[in-house]
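Novice: 3D, please:
(2 chains)
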Amino acid sequence: MALRELNSLERFLGLKKANKYSTQGGKKVPVLQNNNGPALTGLVTIACHLVKEAKRPELLGDNAEQRAVVQQWLEHRITKLDNCSKEEVKVILKDLNRYLEDKVYLAGNVFTLADILMYYGIHHVIVELAIQEKECYLNVSRWFDHIQHYPGIRHHLPPVVVLRNRVYPSGHH
Amino acid sequence: MKLFIGEGNPHCLKVLAALELSGVQCETELVKHEEKVVPYLTHPVLPVLLLPSGQHLFSPNSICQYLFDVSGQKATDATNQWLEWESTNLQPAVLQSLQLVALQGKRVEAAAVMKEPLSWLEQSLSKRKTSFLTDEVVSVADVVLWAALYPLLSDSAFEPGDLQVVCAWFERVCSVSACQSAALSVLQGKGVEALKSFLQKQPVTHAHRRDSPSNNTEAEDSERELSPEEIEEAAQVYSEGLKDFTVVTERKHPVLPQEGKRNVLITSALPYVNNVPHLGNIIGCVLSADVFARYGRLRGWNLLYICGTDEYGTATENKAREEGLTPQQICDKYHCIHASIYQWFQIDFDFFGRTTTQHQTEIAQDIFWRLHERGFLLEDTVEQLRCEGCQRFLADRFVEGECPHCRYPEARGDQCDKCGRLINAVELKNPQCKVCKETPVIRSSKHLFLNLPKLEQDLEQWLQTSTAAGDWTTNARNITRSWLRDGLKPRCITRDLQWGTPVPHQDYKEKVFYVWFDAPIGYLSITANYTDQWERWWKNPQQVELYNFMAKDNVPFHSVVFPCSLLGAQDNYTLVNNLIATEYLNYEDTKFSKSRGVGVFGDMAKDTGIPSDVWRFYLLYLRPEGQDSAFSWTDMALKNNSELLNNLGNFINRAGMFVSKFFDGRVPEMLLNDDDKRLIAQVCWELKQYIQLLDKVRIRDALKCILNMSRHGNQYIQLNEPWKKIKGGDEDRCRAGTVTGVSVNVACLLAAVLEPFMPTVSLNIRSQLQAPESSSRAMLSGPGAFICTLPAGHCIGTVSPLFQKLENEQIEALRKRFGGLQPEEESAELKTPSNSSVTVESKPNAGAAQHTPASGNADPERAKQLTALVAEQGEKVRALKAQKAEKSAIGVEVAKLLDLKTQLCLAEGKTPEPPAQKTKKK
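Specialist: As a prediction, this is how the structure comes out:
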């Protein structure tokens, strides 16, 4: 799956030549074979590299604070989201939902790589949510819908229907 | 800026070291482990850096990186890679070993856990020429890795094994003064001991977790690498061609279980007779079951698929009164409507019956007597309201009066909408019959209850084996579990009605069976109407595998209540082995309503001009498997145009056309090269997936496999360009022949796998290709095999396009016609099973039943929704009037408003006002 994500990211970034990837170990950690340097290992590392290659450093954050926040969510994605159990996923959604309460994107008001990789990583979770659950995580759903409609992001993933209007009365969590 | 740290927290080591090393000025505060510093996180974490902007950093690595970043050392690919490895590989192992060492004193086990990451680190460092991880000076990567390893490597009793390079690097970092002071501050010279209280509060970590929590990746994971052996094997099987595969003879009725065969009995929830089924009903049960039944027949199972209309109950009586017919006439009329709709959708029942038959009476009464004889029935007196004017007992929703709690004058028989309390109808003050407005009288009436608590143990025992061995969808398992968890209570099985199966007992002569008891028995009686040997299916659990298809609100009746009746009857009944329940299908963004003509009902689908197969395809494509889904016209057009027309149709048509145009209608010779073999292996892999998925009734996912097959095919044709090569030299022409031959064989396979989903299209392809009779079954037998079923020289028939484009205008017109036009309106659920909201309303519970599927009208929540809709629609009408919109346009919206108001009245349990007083005044 990680490879598809990287392919989609490449397309989003408009990188012309397709990179060659392989995977490593049972967890299928992606590896980028680099012609002019050592191979790069790890989804986040490769993704950051691609962003730099595409000369879109703003996707990693414009200042030190933003860069740290972006890194934090990238790490969150691969350490927490990617390994979590059914129970843990609820906590992750709940926390994310509260975090996004006053934010448009994960890094605040600007779209960054954190949004892209969190979107790719959380897609399988959101797909499984019933409408009612999606409403429990209203901010997550709004953010998710926003990102999936962001031009050039969705690529390999099917769209998830997020209803704009509430179907269930509020207040039940 | 402020840094929050915790005592004896190993994660603080790296941030403290990084803070000192970076020289950044920052206040630190020591807080307790359980203190919540980050407001949005459920579980408290430390360390946390509060940034000048007010944002919190709660990842230790990001804090370190930030501190290095502001001091001028930006992240590089190399540092990123180390940090990523530390957080994903090293950190989990470190935490686990620290717990083993500090809490259990197991240093040997701890060393074993660390072996893999440490030897990897040793290897990587050996290849490096720099003193530190990325450079000649300490970088963020060194600090982060060093801090992670410090508590373990500094413990003299911990033996990590032979790690020369790692140890040398570790010592170098240790000598950095910032690191020394950080270590002292966190461990306080006590070593791992100092971390004890922190580690005790951490959840126990396990060495290996599954990588992905999602279990539905198999179908999507098409980028899978194929091994050379797999490719060779697939090519081998392909080339062997169609061997003598015995053509199984036509289905002969009656289908009966056979020794030595897989005997599969399929039912889909019986649709309630008095309304026309909508798209939700169709996908929820009959269509899903049909795909599985067609698939099973292709696989050579001995299979019986039965269904029928559920005809008894109050709703039928009322409908009859409305239309001025007898209940039987109503049933006759609607049964035909149902049957013709399913026929149009090509639902291939072996038998489509009904519940109002003599067999139903006999079997239901037999089960009743057996339950009675075995002491599984209880008797109780229930006080009920009876309207002398109407000469009948009043169901809860046919009576209203003053709420005994809050004095609200329009409380319903089961609940007060004002205070929300549940009411026993007899407690209402000044009760009124809603039909004739007479005051009903209280009559006590004796009723019989099925003693579910007494059957609970048998039920649980059976459930354990059935759910362990069979395929039960997750929602079916969960719903069943929650019913059992709450404990079972006796359930009333009799009703004071006329239209139903009569209770044969002396004392209950005037009564009939409650529909929930009666309706599932319909499966048995319908089979009895199909064959007099019905017991060979229904009293034969040894030989028969039973699949029930339904929507999720019907689950408890099939997993708990009906099995209890059958278990209690102790007559060796066949109980459900596989329970397949769908979620709900929503309709666009607007409410699905028969009265407003919004949404597509079964009888209208054929008037859309869209072929039945395309309807089937789209409904199956969005089958609510595992989550709700929504029908959308635009999406339907999109899927038709992109998947059916451009992908599937395009491929099959091209393959066939090449044979006709370039090779005179004869399949050319095929000399397989590596590209061809690879395609064959890819297609074969998809076929195997398809079979695995459909065996597990994952219908929607299996459909994706079909689309993947033709996608592979299209890419293959595109890459090999047979239309160009045919004009080239001998070698090129030969290549064009092979590609065409392989492609047309893929098309033949597609015909086979499409049969359960799109039977007419499948038949069309087969006749266009003149496919041999046995080809489909041969390829779908066993684990599945892609075989060259159209060998060189085979003559195909006339090729023509399979699908038509759905144009925008056409779709817009349809959308208008079916009313799904108001995107701002609140969407509502379209419940799939026979218990759609209309049906639920008509099956009110008589106080005894504590569980009924959420009822459409008994729901104050729904009333609330409707109130909002009325307000919204009102706004819309006012806006139109203000804009001086055309009269007709206003009229349409006003009609909608009125209808919403009527629904609101019903939802509130009021009698709808005679149309229009308020709106006219405006």
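Novice: the helix or strand containing B:R297 - contacts with which helices or strands?
Specialist: Per DSSP states H and E: B:R297 is located in helix B:288-298. Identification of packing neighbours for helix B:288-298 by 3 or more C-beta pairs under 8 Å, 6 or more residues apart in numbering or on different chains; DSSP states H and E yields strand B:263-268, strand B:302-309, strand B:544-551, strand B:578-582, helix B:674-695, helix B:699-720. In short, each C-beta sits where N, CA and C put it, glycine included.
Novice: now that helix and helix B:699-720, what's the angle there?
Specialist: On the basis of axes from the mean of the first three to the mean of the last three C-alpha atoms, to 10 degrees, helix B:288-298 is oriented at 60 degrees to helix B:699-720.
Novice: mind checking how far helix B:288-298 is from the chain centre?
Specialist: Relative to its chain's centre, helix B:288-298 lies at 19 Å (C-alpha atoms, centre = their mean, to the nearest Å).
Novice: tell me if B:T381 really is in a helix.
Specialist: No: assigned with DSSP: H, G, I helix; E, B strand; the rest coil, B:T381 falls outside any helix and is strand.
Novice: ok, what's across the strand from it?
Specialist: Judged by DSSP bridges, the bridge partners of B:T381 are B:K446.
Novice: please verify my assumption that it contacts B:L448.
Specialist: No: with contact defined as C-beta atoms under 8 Å, B:T381 does not count as touching B:L448 (11.1 Å).
Novice: look at these two and report which has more neighbours.
Specialist: Neighbour count, other C-beta atoms under 10 Å in any protein chain shown: between B:T381 and B:L448, B:L448 has more, with 25 against 9.
Novice: for the more buried one, which three-state class applies?
Specialist: B:L448 is classified as strand under three-state DSSP.
Novice: and it, what does it touch?
Specialist: B:377-379, B:492-494, B:503, B:505, B:508 (C-beta atoms under 8 Å, 6 or more residues apart in numbering or on different chains).
Novice: how about TSV for the residues you listed, with pLDDT, distance to chain A and secondary structure added?
Specialist: Formatted as TSV, the contacts of B:L448 follow (pLDDT from 0 to 100; distance: C-beta to the nearest C-beta, whole Å; DSSP: H, G, I helix; E, B strand; the rest coil):
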residue	pLDDT	distance to chain A	secondary structure
B:L377	95	37	strand
B:L378	94	35	strand
B:E379	93	39	strand
B:C492	89	30	strand
B:I493	92	32	coil
B:T494	92	35	strand
B:V503	95	39	coil
B:H505	93	43	coil
B:Y508	92	41	helix
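Novice: which residues of chain A fall in strands?
Specialist: Assigned by DSSP state E, the strands in chain A fall at A:21-24, A:29-32, A:40-41.
Novice: and these: which comes nearest B:P257?
Specialist: When those are compared by C-beta to C-beta, strand A:21-24 sits nearest B:P257, at 48.4 Å.
Novice: just the residues contacting the closest one, thanks.
Specialist: For strand A:21-24, contacts defined as C-beta under 8 Å, 6+ apart pick out A:2-3, A:6, A:29-33, A:41, A:46.
Novice: mind listing what's buried in it?
Specialist: Buried residues in strand A:21-24, defined by neighbour count with 16 or more other C-beta atoms under 10 Å in any protein chain shown: A:Y21.
Novice: for chain A, which spans come out with low pLDDT?
Specialist: Residues of chain A that meet the criterion pLDDT under 70 lie in A:1, A:35-36, A:163-173.
Novice: quick one: the residue nearest to B:S131 when sequence neighbours are not counted and B:S710, what's the gap?
Specialist: Leaving aside its sequence neighbours, B:S131 sits nearest to B:R172 (C-beta to C-beta, 6 or more residues apart in numbering or on different chains; 6.2 Å). Using C-beta to C-beta, to the nearest Å, B:R172 is found at 60 Å from B:S710.
Novice: do B:Q328 as well
Specialist: Distance of B:Q328 to B:S710, computed by C-beta to C-beta: 50 Å.
Novice: these two - which one has more neighbours?
Specialist: Taking neighbours as other C-beta under 10 Å, B:Q328 and B:S710 compare with B:S710 leading, 26 against 13.
Novice: residue contacts, the more buried one?
Specialist: Going by C-beta under 8 Å, 6+ apart, B:S710 touches B:647-648, B:651-652, B:746, B:750.
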